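Colleague: Using only what follows, build the 3D model:
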Amino acid sequence: MKLLPIERYTLLTKLSPEEIKKLLDANVVPKSKGFQLKFGWSKPAGGKPYEGVVKNNGFEISRIIDYRNSFLPVITGDVSHEIVHTAVRIKMTLSIVVAVFMTFWMGGVIIGFVGCLIAMIDGFRSGSKFEPLLLIPFGMLIFGYLMVKLAFQTEVSKSRKFLRELLQGWEEGKA
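Modeller: As a prediction, this is how the structure comes out:
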């Protein structure tokens, strides 16, 4: 069971690195420079499903969505031509801003959980009545983990399928 929201796999394809770059260029709009606040819920006029940077030997992209999901994966890929096929090594992670925020948030919840756990143990020792409110940090911990895991995995599966179909590939070990 993976605890961290990181997905790594290798996609194999018969396409050349140049063909892969052309396909990605046709489906990726360049990422806008600087910080932008996005108002509204619509996709950009370009109609391309991804935004980011595509290079000859790799890419860094993320899906363009018309809803809010802070846990959208940042997809990096490294393209290398091998003897029989081309390998695309793909890594999907949270954006650094979201990862840092969730680290601090979950860290605070863990500290609260440990404090409540100590209070419950101390209460049991002294014969005090059980306080259900002491379970709130535990619920917050489970909620935070599931929120990140489910939102991230939903987007990972969509991007995984898109890249497999676009690049006419198969995952290494799953021929």
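Colleague: what does the domain assignment say about the protein?
Modeller: By the assignment in automatic domain parsing, the chain contains the domains 6-95+151-171, 99-139.
Colleague: Could you say which helix or strand holds the nearest residue to Phe138 once chain neighbours are set aside?
Modeller: Distance criterion C-beta to C-beta, 6 or more residues apart in numbering; nearest residue to Phe138, sequence neighbours excluded, is Phe113 at 5.7 Å. Using the backbone N, CA and C atoms, a C-beta is placed for each residue, glycine as well. According to DSSP states H and E, Phe113 maps onto helix 96-126.
Colleague: Quick check: which helices or strands does that helix pack against?
Modeller: helix 136-166 (3 or more C-beta pairs under 8 Å, 6 or more residues apart in numbering; DSSP states H and E).
Colleague: tell me the angle of the helix it packs on relative to helix 96-126?
Modeller: Per axes from the mean of the first three to the mean of the last three C-alpha atoms, to 10 degrees, the angle that helix 136-166 makes with helix 96-126 is 150 degrees.
Colleague: for helix 136-166, what is the average pLDDT?
Modeller: Throughout helix 136-166, pLDDT has a mean value of 94.
Colleague: What of stretch 28-36?
Modeller: 75.
Colleague: and what of stretch 101-110?
Modeller: 94.
Colleague: how about stretch 152-165 as CSV, C-alpha atoms only?
Modeller: The C-alpha trace of stretch 152-165 is given here as CSV (Å, rounded to 0.1, in the frame of the first residue of the first chain):
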residue,chain,number,x,y,z
PHE,A,152,-5.2,12.2,-6.8
GLN,A,153,-5.8,8.6,-7.9
THR,A,154,-8.9,9.6,-9.9
GLU,A,155,-6.9,12.1,-11.9
VAL,A,156,-3.9,9.7,-12.3
SER,A,157,-6.2,7.0,-13.9
LYS,A,158,-7.6,9.5,-16.4
SER,A,159,-4.1,10.7,-17.4
ARG,A,160,-2.7,7.2,-17.5
LYS,A,161,-5.4,6.1,-19.9
PHE,A,162,-5.0,9.2,-22.0
LEU,A,163,-1.2,8.8,-22.4
ARG,A,164,-1.5,5.1,-23.1
GLU,A,165,-4.0,5.7,-25.9
